[in-house]
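Trainee: Below are the sequence and a predicted model; questions follow.
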Amino acid sequence: MANLCEYNGKQLLAKAGINIPKGQIVTSLDEIDNAFRTIGSCVLKAQVPAGKRGKAGGIQRADNQGEAIEKAKTIFGMTIDGHEVTQILLEEIADIDTECYVAITNDTRTKGPILVFSSMGGMDVEEISEKEPTQMVFAPIPMGNTLSNDFVEDAIGHLSVVSKEVIRAIQRLFDVYRSNDAELVEINPLVITGNSEIIALDCKLILDDSSLYRQEHLQKEIAPEKQTPLEKRAAQSGLKYIELDGNVGVIANGAGLTMTTMDAITYFGGQPANFLEIGGEAYTRSKEALEILLQNPNIKSILVNFCGAFARTDVMTEGIVKAWKELKPDIPVFFSINGTGYLEARAMVREELHLEPYDLMDEAVIKAVEAAR
Amino acid sequence: MLKYGTSVIGGVNPRKAGQIHLGLPVFASACDAIKEVEFHTALFFVPPSACKQATIDACEAGARVIICLTEHIPVQDVMEMVAVARLHGTQIIGPNTAGMVTPGEAFAGIMPGFNDKVFQEGSIGVISRSGSLGTLVCLILTQSGFGQSAFYGIGGDPIIGTSTREALKYLNEDPKTRAVVICGEIGGSAEEEAADYATHINKPVVAFIAGKSSPEGKKMGHAGAIVSGNSGSYQAKLNSLEKKGIRVAEIPSQIPDLLGSYANLARA
């Protein structure tokens, strides 16, 4: 998932004309002195793509240079939700009068964007919706290139905190959402200062993976995902691989069938060792898939479950069979093959590996679970 | 598709316009095609970056249905496609669908519709987000003597033109369909919405939701989680389906027995 860190997200807000606090990014303690001199009293904010940074101790205030260095020492090297802190944002302290919550995101129900607004910001959005559900406004936005003043006015104009400036900021936020192909842009809190200025004090921005090809300028700003080395390697081969705690290795095609295979392993008393999907356009990469799977030392048996629609089972099976003969792993393997190309695929398993593929998924699953015990 | 009896009247490819392919004419656009032939459905094997334009073309040509197989279309393009289709009264199925099958009649897309081990004519309507899981479920149904009236691949993308709920509505209106199997997945709120609708129909509905044993996967971030309320998790989906009287299979092979518990459904 393509997440941006707060700092990078805020740069996009600023570019669209939304005010952000004065801030400077530091990557080492040596840079703190200089940054503090520029900013003055400040908040130090760990730059990781995770929520609840404050609760984890990743956001702290400093009123003098010494304090800033001390606080930075504790924040650098912190791991928050699996992300190591390597960057800290020093940011000026805002004069907060009111805190609002605003987000624009994709709404599966209305099949378009939706505006989410609350005049109670600052805390977790879950908390807001629990404590003050009537304070949350959900307004499905008609899909277009811009968001009209009238639309925002109609949606939230009845709230006392909403001014022309707030409406303008939300229109600009929609520009950020559209021009960067975001799945979510969230400002929490959107601050109204004592001087009635609007400032985005935080920013959460998630980009749509399918749009990255046309958002090249953002690619280097995407925060690295939490991944194990094997998961990283799989991603480089265009495979979606997630390591789990179990010992039955899974190779299946399509996310739906892969999850179903894992469910069946669990149902029959086993534990899946991984999620590994080679369907769709990745169906020709079953050799890489097997190689990655075999690197997991916990695997006691392997279940290959193919149900070909677009993905031809003969092509996928050929990759597995070839890789199997090359790598000669000393692990029991069980095949269930159906759908497009299944006759050729089954024949290949019989002739090349001298194994009999199972007709039903359940049978193959039961055998693989037994073998892993 | 041609061999199976699907009525394909031609293709669209701006670079190959004027040629004949598989005995059928190739047009520069759907709008060009409609001047010479009549069609109801546009089936997209179109690259992701061209789908928005192709949708506008197909809608303007008057296509009633677009079946979009393409995976990895930018989500905001899909939203625009849905908006354009709404204006023209066109129904988009997908994107990222494996297609539709009406066994014994026709199929459109990349499901193994021609494979009679998987598909047999019958009275069960199957709705699936996933092509591979849909194939497995149809295979299991066929093996247990339940043929299908229709396979409805709605697509695996977060934003899709036809939701589970809408597909359920169409299958309810279909006289050949006597019961519906929903093959869902964790994430989103499609199954919950369909559950709410299922109480309005008089055909039995059973479901399987993939992902019970999956780790918490891709989240849409805070606002997304809020938009869909508490839905999305396996437990949430199970609860809302069962609350509406929909029986949920733990593994796909239980589906035939759940269907069999309804007396009016006969196996072949």
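Mentor: That came through, no problem. All of these numbers come straight from a predicted model, not from anything done at the bench.
Trainee: which residues touch residue A:332?
Mentor: A:301, A:302, A:368, A:371 (CB atoms under 8 Å, 6 or more residues apart in numbering or on different chains). Where you see a C-beta, it was placed from the backbone N, CA and C, and this is true even at glycine.
Trainee: what's the closest of these to residue B:202?
Mentor: In terms of CB to CB, no member of the contacts of residue A:332 lies closer to residue B:202 than residue A:368, at 41.3 Å.
Trainee: Show me where the stretch 1-150 of chain B has its strands.
Mentor: For the stretch 1-150 of chain B, the strands defined by DSSP state E, counting those that start in this stretch occupy B:11-12, B:20-21, B:24-27, B:41-44, B:65-68, B:91-93, B:99-102, B:106-109, B:121-128, B:148-153.
Trainee: can you list contacts of the third one?
Mentor: Think strand B:24-27. The contact list for strand B:24-27 (CB under 8 Å, 6+ apart) reads B:8-13, B:16-20, B:33, B:36-37.
Trainee: Could you turn the buried ones of those into a ChimeraX selection?
Mentor: Only the buried entries of those go into this ChimeraX selection, using 16 or more other CB atoms under 10 Å in any protein chain shown:
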select /B:8,10,11,12,33
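Trainee: and the contacts of strand B:24-27, which of them are in helices?
Mentor: Taking DSSP state H as the definition of helices, the contacts of strand B:24-27 contribute B:33, B:36.
Trainee: among the contacts of strand B:24-27, which are in reach of chain A?
Mentor: Contacts with chain A within the contacts of strand B:24-27, counted by CB under 8 Å from any CB of the partner chain: none were found.
Trainee: Output the contacts of strand B:24-27 as JSON lines; include the columns pLDDT.
Mentor: What follows is the contacts of strand B:24-27, written out as JSON lines (pLDDT from 0 to 100):
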{"residue": "B:8", "pLDDT": "95"}
{"residue": "B:9", "pLDDT": "94"}
{"residue": "B:10", "pLDDT": "96"}
{"residue": "B:11", "pLDDT": "96"}
{"residue": "B:12", "pLDDT": "97"}
{"residue": "B:13", "pLDDT": "95"}
{"residue": "B:16", "pLDDT": "95"}
{"residue": "B:17", "pLDDT": "95"}
{"residue": "B:18", "pLDDT": "95"}
{"residue": "B:19", "pLDDT": "96"}
{"residue": "B:20", "pLDDT": "95"}
{"residue": "B:33", "pLDDT": "96"}
{"residue": "B:36", "pLDDT": "95"}
{"residue": "B:37", "pLDDT": "94"}
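Trainee: Tell me which two of the contacts of strand B:24-27 sit farthest apart.
Mentor: B:8 and B:18 (17.9 Å).
Trainee: tell me the domain boundaries of the chain?
Mentor: By default, I'm working from chain A. Here the domain parsing of chain A from automatic domain parsing is A:22-92, A:96-219, A:229-372.
Trainee: The chain in question should be chain B.
Mentor: Using automatic domain parsing, chain B is parsed into the domains B:11-93, B:99-260.
Trainee: weakest of those domains by average pLDDT?
Mentor: With a mean of 90, domain B:99-260 has the lowest mean pLDDT of those.
Trainee: Next up, the contacts around the nearest residue to residue A:155 once chain neighbours are set aside.
Mentor: Leaving aside its sequence neighbours, residue A:155 sits nearest to residue A:139 (CB to CB, 6 or more residues apart in numbering or on different chains; 3.8 Å). By CB under 8 Å, 6+ apart, the contact list for residue A:139 reads A:114, A:115, A:116, A:117, A:151, A:155, A:156.
Trainee: Surely the fifth one is in a helix?
Mentor: Right, residue A:151. Yes: the assignment for residue A:151 (DSSP: H, G, I helix; E, B strand; the rest coil) places it in a helix.
Trainee: Please enumerate the strands of the stretch 251-373 of chain A.
Mentor: A:274-277, A:301-308, A:333-339.
Trainee: what about the closest residue to chain B within chain A, how many neighbours?
Mentor: Closest approach between chain A and chain B, counting by CB to the nearest CB: residue A:256, at 2.4 Å. Counted with other CB atoms under 10 Å in any protein chain shown, residues neighbouring residue A:256 total 30.
Trainee: just residue A:228 next, same as before
Mentor: 12.
Trainee: need the contact list for the residue lying closest to it once chain neighbours are set aside.
Mentor: Spatial nearest neighbour of residue A:228, chain neighbours left out: residue A:243 (5.2 Å); criterion: CB to CB, 6+ apart. Residue A:243 makes contacts with A:228, A:230, A:231, A:273, A:274, A:296, as judged by CB under 8 Å, 6+ apart.
Trainee: what about the first one, distance to residue A:87?
Mentor: Translated: residue A:228. Residue A:228 is 23 Å from residue A:87, where distance means CB to CB, to the nearest Å.
Trainee: List the contacts of the closest residue to residue B:91 other than its chain neighbours.
Mentor: Among residues not flanking residue B:91 along the chain, residue B:65 sits closest, at 5.0 Å (CB to CB, 6+ apart). By CB under 8 Å, 6+ apart, the residues touching residue B:65 are B:40, B:41, B:42, B:90, B:91, B:92, B:93.
Trainee: could I get those residues as TSV with neighbour count and distance to residue A:330?
Mentor: TSV is the format used below for the contacts of residue B:65 (neighbours: other CB atoms under 10 Å in any protein chain shown; distance: CB to CB, whole Å):
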residue	neighbour count	distance to residue A:330
B:40	10	56
B:41	20	52
B:42	25	52
B:90	23	56
B:91	17	53
B:92	28	50
B:93	27	47
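Trainee: which pair in the residues you listed spans the largest distance?
Mentor: B:40 and B:92 (13.9 Å).
Trainee: just the helices in the chain please.
Mentor: Reading this off chain A. A:6-15, A:32-39, A:65-75, A:125-131, A:149-156, A:164-179, A:216-219, A:229-236, A:255-267, A:286-294, A:313-327, A:342-348, A:361-372.
Trainee: Hmm, no, I was thinking of chain B.
Mentor: B:30-36, B:51-61, B:75-88, B:131-143, B:164-173, B:190-198, B:221-227, B:234-243, B:255-260.
Trainee: so which of those helices is the most packed in?
Mentor: helix B:131-143 (a mean of 28; mean count of other CB atoms under 10 Å in any protein chain shown).
Trainee: Name the nearest of the contacts of residue B:65 relative to chain A.
Mentor: residue B:92 (9.3 Å).
Trainee: Could you measure from the closest residue to the closest one other than its chain neighbours over to residue B:68?
Mentor: Among residues not flanking residue B:92 along the chain, residue B:161 sits closest, at 2.7 Å (CB to CB, 6+ apart). Counting by CB to CB, the gap from residue B:161 to residue B:68 is 7 Å.
Trainee: what does residue B:19 give?
Mentor: Residue B:19 is 24 Å from residue B:68, by CB to CB.
Trainee: In space, what's closest to residue 17 - neighbours in sequence excluded?
Mentor: Picked chain A for this. Per CB to CB, 6+ apart, closest to residue A:17 is residue A:172, 5.1 Å.
Trainee: Not quite, go with chain B.
Mentor: Distances taken as CB to CB, 6+ apart put residue B:28 closest to residue B:17, at 3.7 Å, once the chain neighbours are dropped.
Trainee: same check, this time on residue A:107
Mentor: residue A:114 (3.8 Å).
Trainee: Pull stretch A:135-143 out as CSV, backbone CA atoms only.
Mentor: Only the C-alpha atoms of stretch A:135-143 are listed here, as CSV (Å, rounded to 0.1, in the frame of the first residue of the first chain):
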residue,chain,number,x,y,z
GLN,A,135,-21.0,15.2,14.7
MET,A,136,-19.7,13.2,11.7
VAL,A,137,-20.9,14.3,8.3
PHE,A,138,-20.6,11.8,5.4
ALA,A,139,-21.3,13.4,2.0
PRO,A,140,-20.9,11.4,-1.2
ILE,A,141,-19.3,13.6,-3.8
PRO,A,142,-20.4,13.6,-7.4
MET,A,143,-17.4,12.5,-9.4
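Trainee: Tell me the confidence at the residue of chain A closest to chain B?
Mentor: 89.
Trainee: Surely it touches residue B:132?
Mentor: Yes: contact criterion CB atoms under 8 Å: residue A:256 and residue B:132 qualify, at 5.7 Å.
Trainee: Good, we can wrap up now.
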